[in-house]
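**Q** give the three-dimensional model of this entry:
(one chain, ligands or ions: 1)
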Amino acid sequence: MSFKIGSIPHPSRNGSINSTQSSTKSQSPENVQVAVRCRPMSASEARGQREVCWDIDTTLNSIVIAEGFERQNRARHKYRYDRVLYGSDNFRIYDDNVAKLVNSTMEGYNGTVFAYGQTASGKTYPITGTHNEPGVIPRAVNDVFEYIKANSTREFLLRVSYLEIYNEAIHDLLSPGTQDLKIHEDKQRGVYVSPLKEEVLTNAKQALKVIQKGEENRHVSTTNYNLHSSRSHTIFRMIIESKEREPNASTQTHRDRSTASNAKSTIRISQLNLIDLAGSEKATTNLDRQKEGAFINKSLLTLGTVISKLTDSKGASHIPFRDSKLTRILQPSLSGNARVAVICTISPVMTSMEESMNTLKFAERVKLVVTSAKTNEILDDKALLQQYRTEISSLKAKLEAGNDLLAQQQMAQEDIMQAEKRKRCFYYSTKDKCATWSLFVQP
Ligand SMILES: Nc1ncnc2c1ncn2[C@@H]1O[C@H](COP(=O)(O)OP(=O)(O)OP(=O)(O)O)[C@@H](O)[C@H]1O
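**A** Here you go, the predicted structure:
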């Protein structure tokens, strides 16, 4: 894999991130964004088949089996998605289907992007990309740092992890050799994998090094269909924390300080999951590939079942998220609190028609999944402390105001007593001509 963040070409098409801060706390329910892309033929495919077996309309975003390629009795059903593309342009796929989602993760919403399709259909290509056509991961990392640059009133903390699910076992790609990674769930953290190494990111260049390190540790093999076939599902996760930056203390008024302490009392936390699924494969004679294929097919089948049940209009009973590690990890995204974008990839050749049709049907079903992302805000300890401080000083002020009132009442009481004494003194001094009492008469 070779890509460089600093040298992403086509600057005019770069920078699609909108830096405005959203004031909404919850997005209205929305369907999963689905893009379908048919890759161009490879040189060897082009030798066996002259034309692409799909009729693709990139304006109407529809796809149908091309005339002359339909099989007997197969109706030429036209499929429509949010975006239907042909070719190698990774910029368009990112700008149209992913950039907005990445932007919203910077504003506190969770986001998940995954690529789905048979082996060698071109899933890794849009996710990691090439030097000239960088994929979702390098573009997202680039946009995250661009967003941070454009939003100087907030400070950000970025952490990444990179894992793969190979033969139903979870491996840490950033810490190879770590054994026995398990999926856990608790109220605070939701579903998470542990022990999993997290690297703190400080700049885009370092982020790409981390990704490259992870890529090198991924399980890749040569299959009948792909020279560098990914034999595992990978999940690249970025955790984004942000809070209002504290203004310069020396230039603040007391009022500024108390407003600032309220504003910085919350921290936004969101996750960006970028997932490259392993591809389903037809039977092979290689025993290792057979074993891998069985695990891959089973987890993709579970993903299909989960999607079907989530979109079952009768209201699904049990959704089998726990039947595979992949669906278990994807559970929080698919069941609600995340924006989700799916890139479905198909091959241009007739020999893969059956698998491509299955991918198109999957794309149709996943399009029906509805999610409703919310901003995730928490109070941090420091902010909590700050809140307590503000509360204590307000109580003190109230107490002081109360004390003043008490003091005023005491003084009034004393004034009354003095007046009483003066009255009595005046009475004594006039009646008994008592010099001693006359002292009280004088002010
Ligand atoms: N849109 C595309 N334009 C040009 N080349 C592509 C495109 N998509 C894929 N390719 C090329 O096709 C081959 C297979 O692609 P890729 O590895 O992305 O497939 P995959 O679906 O991830 O396969 P697997 O599931 O086996 O890992 C690669 O050589 C890749 O460079």
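**Q** close to the ligand: what parts of this protein are there?
**A** Selection of the chain residues close to the ligand by C-beta under 6 Å from any ligand atom yields 39-40, 88, 117, 119-125, 226, 228-230, 278-279, 345. C-beta here means a position set from N, CA and C on the backbone, and glycine is covered the same way.
**Q** among the residues you listed, name the buried ones.
**A** 39, 88, 117, 119-125, 226, 229-230, 278-279, 345 (16 or more other C-beta atoms under 10 Å).
**Q** just flag the most distant two among the residues you listed.
**A** 88 and 278 (21.7 Å; C-beta to C-beta).
**Q** make sure residue 342 is indeed in a strand.
**A** Yes: under DSSP: H, G, I helix; E, B strand; the rest coil, residue 342 sits within a strand.
**Q** doesn't residue 363 make contact with it?
**A** Yes: taking contacts as C-beta atoms under 8 Å, residue 342 lies within contact range of residue 363: 7.0 Å.
**Q** mutual contacts of the two, please.
**A** Shared contacts of residue 342 and residue 363 (C-beta atoms under 8 Å, 6 or more residues apart in numbering): 34, 116.
**Q** the residues of the chain next to the ligand in helices, which ones?
**A** 124, 125 (DSSP state H).
**Q** re the thing from before, which among the buried ones among the residues of the chain next to the ligand gets closest to residue 310?
**A** Distance to residue 310 across these (C-beta to C-beta) is lowest for residue 117, with 19.9 Å.
**Q** ok, that closest one - contacts?
**A** Applying C-beta under 8 Å, 6+ apart, the residues contacting residue 117 are 123, 279, 344, 345, 346, 359.
**Q** without its sequence neighbours, what residue ends up closest to it?
**A** Among residues not flanking residue 117 along the chain, residue 345 sits closest, at 3.6 Å (C-beta to C-beta, 6 or more residues apart in numbering).
**Q** list the contacts for the one you found?
**A** Neighbours of residue 345 in contact, by C-beta under 8 Å, 6+ apart: 36-39, 115-117, 121-123, 125-126, 359.
**Q** those: which two are farthest apart?
**A** 125 and 359 (14.8 Å).
**Q** hmm, which of the buried ones among the residues of the chain next to the ligand is lowest in pLDDT?
**A** Minimum pLDDT for these is recorded at residue 226 (58).
**Q** and stretch 149-156, which residues are buried?
**A** For stretch 149-156, by 16+ other C-beta under 10 Å, it's 151, 154, 156.
**Q** that should have said stretch 41-58, apologies.
**A** Going by neighbour count (16+ other C-beta under 10 Å), the buried part of stretch 41-58 is 41, 45, 52, 53, 54, 56.
**Q** list the contacts of the nearest residue to the first one once chain neighbours are set aside.
**A** For residue 41, the nearest residue in space outside its immediate sequence neighbours is residue 348; the separation is 5.1 Å by C-beta to C-beta, 6+ apart. Contacts of residue 348 were listed using C-beta under 8 Å, 6+ apart, and they are 38, 39, 40, 41, 45, 49, 52, 53, 54.
**Q** min pLDDT across those, which one?
**A** residue 49 (75).
**Q** for the residue lying closest to it once chain neighbours are set aside, what are its contacts?
**A** Closest residue to residue 49 apart from its sequence neighbours, by C-beta to C-beta, 6+ apart: residue 349 at 5.4 Å. By C-beta under 8 Å, 6+ apart, the contact list for residue 349 reads 41, 45, 48, 49, 53.
**Q** so what's the closest residue to the ligand within the stretch 251-400 of the chain up against?
**A** Distances between the stretch 251-400 of the chain and the ligand by C-beta to the nearest ligand atom are smallest at residue 279, namely 2.6 Å. Residues in contact with residue 279 (C-beta under 8 Å, 6+ apart) are 117, 118, 119, 120, 121, 123, 226, 229, 230, 296.
**Q** recalculate using a threshold of 7 Å.
**A** 117, 118, 119, 120, 121, 123, 229 (C-beta atoms under 7 Å, 6 or more residues apart in numbering).
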